[in-house]
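# Here is my input; please provide its structure:
(chains A and B)
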Amino acid sequence: MAQTRSISGTVTNSDGTPLHGVTIGVKGTSIATSTNASGNFTLNVPVSSSIIIASFVGMKSVEVAVKPNLVIVLYDDATSLEEAVVTAEFGMKRISRAVGSSVQNVKGADIIESGRDNFISALQGRVSGLNVISTNGAPGASTTVILRNVTSISGNNQPLYVVDGVPMNNSTYDPMALKRGSSETFSVRNLDFSSRGNDFNPEDIESITVLKGAAAAALYGSNASNGAIIITTRKGRPGKGRVSYSNSFRWDKAYGFPDMQTKYANGAYGTTNYYYTNKFGGLYPSDMPLYDNLRAITQTGFSNRHNISVEAGSDKATLRASASLVDQNGVIKNTGATRINLGLTGQAKINEWLKFEGSMQYVNATNDKTTRGTDGPLYRAMLWPTVDNIAKYLADDGVHMKRPDYYLDVDLLNPLFALNKNKNFDKSNRFLTNVATTITPIKNTFLRAQMGWDVGMQTFESSIHPYYFSNNNGVGEYYLTHSNFLDKSLNILAGYNNKFFEDKFTLSAQVGYHQLENGVIELVTSGTKFIIPDFQSINNSEPATVISSQKNTKRRIQAVSGQFEFGYKNLAFLTLRGRNDWSSTLPQDNNSYFYPAVEGAFILTELKALKSIKNLDYLKLRGSIAQVGKDAGPLEIMPQLMTTGITGGGFKYDFSGPNLKLRPEMTTAKEIGFETRLFNSRINADFTYFYTHCADQIVKGFRLSYATGFVLNTMNVGTFNTWGWEGHIDGDIIRKKDGLMWNVGVNISHSGSKVVFLPANVSEYYNAYTWNSGNIRNGIMVGNPITTLTGLAYQRNNDGQILIEPTTGLPLVNSKWSVIGDREPKLRYGITSVLSYKGIRLSTMLAGRYKATVVNGTKRSMMTSGNSWESVNLRESPPTIFDGVLRDGNENTANPTKNIIAVDYSIYGASIFGGYDEDWLEKNVNYLRMQELRLSYRLPASLIKKSKLFSTVDIYCVGNDLFIWSNYSGIDAVGNTVSAAAGGTGGEGYDVWSLPSPRGFTVGLSITF
Amino acid sequence: MKKLLILIIPVLLFASSCKKYLDVNKNLDAPDYVEGYLYLSGIMGAYFGIYYDLRALDPLTQMMGTTSYTTFATNYYSEGSDAGGEIWRMTYWNQGMNLENMINQSIKAEDWTLAGIGYAIKAYSWDMMTKVNVDLPMKEAFVPGLLSHNYDYQSDIYPQVRDWATKAIELLQKDDPHNYGSKISANDYLYGGEKVSGLNLPILCW
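Okay, here's the model as predicted:
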């Protein structure tokens, strides 16, 4: 018997955190043990052996000489990422090497440290090909996420959000039901609602995996045709129990407002007349006090965030409970949002063949908001006479809306009165629950059953005060909406994996059965004629005016899916996937659709020839082809009749007609790309090129001839293609052994598109709610990209010169709409930089666009109302001669008549200042925004150990949206003129008084006990 | 064996009838099918908007309009405007499929009076429409699934209008034992369900 001695020690990682489960072995023998939850181990080492090896997955193995009371520190092994896994559909893990489509991971820590309140905004700039469009900078604004490019002309283009394998509801309410009779008070262009994805607590996120494109999310089905964003929640760690507390305090200031002119007063033709709203009058008297009314509606926003979580567990089970509070005041007065999250997650290994995981989240969110666009406070503050102080919004009686001083008309509405007296209040209670069990009865097989419920109850109050009306003469309008959703899902998967032929071939097979339900119950009640003006309640409106309506929709999908992954020598992988859906929203005789996907991955560095190349650690070629089918929305094949609303009652068809022959849409996506790691994993890069063909689009509300019997039709029309590329490269520019590290990363993407087919007599398809400035709307036409803008363009001769009307000298415009610009920028990019040394970490994130086209509706309305300095310059300048040729019959000959007719603006009214549609497209807009600048400091372990209470203490400060470098002259080049609820190609890059993201400064503290 | 059962039983437990589970695309809030007479007042109410087409007719006639609309006898038509479009909108959409449903359902149920009223209205509206708009899509109107529609000449439309008017007269004069109660009289704002005076409408179209 060899003599042994007992050696004990502790293993920690570079932060000082004890590591559990590290394998401790004696070199040259098979003696081994592993560390316990506190990182301690005890080993009987033979006297003859002198080296101990500590090894752990994902970390560099360490060899140390035997001595008593060892302290071993393990560092992350960047090169061992070959065995990394990605979280694929339904919570299943796939070996990263085998995945043939583009997948990107984001660490939970990056999301938490971004300083954003919701994880969706935090993703912007971190993932190539992912574009986050925040509708505006107000608290609780909706967000639209587009991965690569859109796949639907009129429908939902957002990716599927999945929590622990179960889809999460990310709907945004569309206020089209908030109307009385045929006039619409609220719509997606003037009232925004939160996306329900904003509810999720970023502190509960362990990691996010972004599956770009249809191939990656093939098993999720039609809801994931735009890709999927998979969130894995934190479920606690085995080992010592931990309590963590973090907080942050944030101050926001709005910036980027245009300057209002202070030279000319209200009036027209140079004569001051305070009956006019437009400011084309005479000069202001030099001693007249003028007020900055745009600033008067803003304030310094303040928000605070508190988060506490408790984790505990052992090898067998872990548990995590968390609570979080976010309370935010916006930069516009009387706006704000709060959110309370409570979460409980855990996992347990019941016995060797049964595992259980569960997660429950409760979210309570409220949002005090205001209208936007040309119904919003910014626009109304601009219209307000500069000679009156808008901050005094109450008349002397303290009840009515004060009319502005000097102003003679009664039509102006004070936005501060609206902010204080109108109510737009949203409340939401939501439960997100999922449970899953995994059974491994026989070696190499598994059975996983998963159920999820996402239940939300939303209440929206939208109320207009009776005095918020011309001459205080309104009756008030009150809307109370209850919109509840219930999404249930069930997934059962069975799988088998094995290796054959001496581990040369691997097979991983999986089949599944899925059920999904989306149910919405909505009840809208409205009333007018408030009895007490200041009281906001349905009970306070005249009973005879109260109208109610309800809406119930349900959509159910049943599906079976299969996936077969073949691997050869860890070098080449081929994956076949397929899914067949049966949907309740399609006609019963044609409600089944099948769509397959093929993926291939080839790890070139496994080839002998390339293995020897120094510095090329990893090179993988991948490609995939996938199809995704999409069904219609509920009740689209047979829309319901509506009451006529006239004397005599009865029923009639609504605008949209039925279509009993509706077919599923089919999108085919192809992609090819590569991933590589170089120089000992100091440089990581990946690149993908994609091409997507979307055919047989189900377009809702499609305008065809009235001869169909309807104004709008839901039909399979429209085919378009999108293509583009996305690339990512990041490198450790400095990586020193003492811990100094500087990593810089860049994400770039580019996308193009083309509309291939629209029905013969449909020249244009557009969303009417984007028709917000002049005649510019987001129309699409055959042969043009899908992100175009249409408007009334200048008439031009064959050489492209503008035609001028010979009698007036003014340019001529077409009477039919045509494509005038494309909103898609040439490049979208993000730059990240992380510099860390010992406990200090400085990180920054910039996001930008290169050569975009933006509609400057803001400046246009300022020009027409005489509020911009450009309008002052225009009226003071000598008569303008428009550049063009006269339309006198010679325009297309060799000698067109050049225009020399001078147009004197001072003899024209205000509308001519508004110019023509083409004038207000700012082309080649470049935009770069410093999204985050974060400095954090972790107090050294030596300082904390003395207190015996804390484990780690981090102090940090973050600046969000600090600077924008742009050649755009309006307010917000990246805002959206419609809410995310509009769907389709949306209104990104169309600026009509969008509130941009304010500049924020946060300080915070994070403590682990 | 025990482990195999554990594998299979959960799958069987969750199996359910496909068709029944998916049959949820029904309108719970409003009907998508109603009896014929319920369309009637909406169809007749649609006639109210016709006077907007003064914008097309006035300039071409010597109609003595109001003091705010004095374009009579100036002999023009505003290009690019939707003047003359109200009758189009009314016949194809406001009445359109509502009228088709009322006629087809009434014939199927052998409600001859209601069907006769329907044909009378159809003849009158189409007659008015072709007088204002001349050539119209008629044969391809209301055909589901068409993405574009061919026009028919006015010379083909007038015979069809006369055909509908004839059918209306036949049906109104037919013996109809059906007891409508107040279904027609409460909804028919032109003639109150009175068959004899109701004949005036299709006769106008002849």
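# Backbone dihedrals for residue B:154, please?
phi -60, psi -30 (degrees, to the nearest 10).
# Mind pulling the model confidence for it?
Residue B:154 is assigned 93 on the pLDDT scale.
# ok, now how distant is it from residue B:82?
With distances taken as CB to CB, to the nearest Å, residue B:154 is found 20 Å from residue B:82. All C-beta spots, glycine's among them, are computed from the backbone N, C-alpha and C.
# ditto for residue A:777
Taken as CB to CB, the span from residue A:777 to residue B:82 is 18 Å.
# Please apply the same query to residue A:984.
25 Å.
# now do residue A:34
81 Å.
# Below-threshold pLDDT in the chain: ranges please.
Reading this off chain A. A:1-2, A:14-17, A:37, A:57-58, A:60, A:75-83, A:216-217 (pLDDT under 70).
# That was the other one, I meant chain B.
Checking chain B against pLDDT under 70 turns up B:1-18, B:62-73.
# residue in it nearest to chain A?
Residue nearest to chain A within chain B (CB to the nearest CB): residue B:41, separated by 3.0 Å.
# In this model residue B:187 seems to touch that residue, though I could be wrong.
Yes: between residue B:41 and residue B:187 there is a contact under CB atoms under 8 Å: 4.3 Å.
# shared neighbours of those two, which are they?
A:648, A:650 (CB atoms under 8 Å, 6 or more residues apart in numbering or on different chains).
# So between those two, which is more surrounded?
residue B:187 (24 against 21; other CB atoms under 10 Å in any protein chain shown).
# residue ranges of the helices in the chain, please?
Picking chain A for this. A:108-113, A:119-122, A:213-216, A:293-296, A:377-383, A:415-421, A:608-611, A:857-864, A:869-876, A:941-945 (DSSP state H).
# wrong chain, I was asking about chain B
Secondary structure of chain B, counting by DSSP H: helices at B:2-14, B:18-22, B:40-45, B:54-57, B:85-89, B:96-109, B:112-133, B:154-173, B:195-198, B:200-205.
# re the thing from before, most packed of the helices of chain A?
helix A:213-216 (a mean of 31; mean count of other CB atoms under 10 Å in any protein chain shown).
# quick one: contacts for residue 174?
Since no chain was named, I'll use chain A. A:188, A:979, A:981-982.
# Please refer instead to chain B.
So residue B:174 contacts B:112, B:116 (CB under 8 Å, 6+ apart).
# how about a cut-off of 10 Å?
Contacts for residue B:174 (CB atoms under 10 Å, 6 or more residues apart in numbering or on different chains) come out as B:110, B:112-113, B:115-116, B:195.
# what comes up buried for stretch A:151-168?
Neighbour counts over stretch A:151-168 (16 or more other CB atoms under 10 Å in any protein chain shown) mark A:151-168 as buried.
# Oh, that last question was meant for stretch A:800-811, not what I typed.
Buried, per 16+ other CB under 10 Å, within stretch A:800-811: A:801-805, A:809-811.
# starting at the chain centroid, how far to that stretch?
44 Å (CA atoms, centre = their mean, to the nearest Å).
# For the closest residue to residue A:62 other than its chain neighbours, list each beta-bridge partner.
With sequence-adjacent residues excluded and distances taken as CB to CB, 6 or more residues apart in numbering or on different chains, residue A:62 is closest to residue A:54, at 4.9 Å. Beta bridges link residue A:54 to residue A:24, residue A:62, judged by DSSP bridges.
# Tell me who's in contact with residue A:54.
Residue A:54 neighbours (CB under 10 Å, 6+ apart): A:9, A:11, A:19, A:22-25, A:34-35, A:41, A:60-64, A:70, A:72-74.
# Now do the contacts for the closest residue to chain B within the stretch 1-150 of chain A.
Residue nearest to chain B within the stretch 1-150 of chain A (CB to the nearest CB): residue A:90, separated by 14.9 Å. Contacts for residue A:90 (CB under 10 Å, 6+ apart) come out as A:162, A:164-166, A:219-220, A:230, A:436, A:448, A:450, A:489, A:491-493, A:510, A:512, A:514, A:561.
# Once you drop chain neighbours, what's closest to it?
That would be residue A:165: by CB to CB, 6+ apart, it lies 4.3 Å from residue A:90.
# Surely the one you found touches residue A:452?
Yes: counting by CB atoms under 10 Å, residue A:165 does reach residue A:452; the two are 7.7 Å apart.
# Give the residues shared as contacts by those two.
By CB under 10 Å, 6+ apart, the residues touching both residue A:165 and residue A:452 are A:434, A:436, A:489, A:491.
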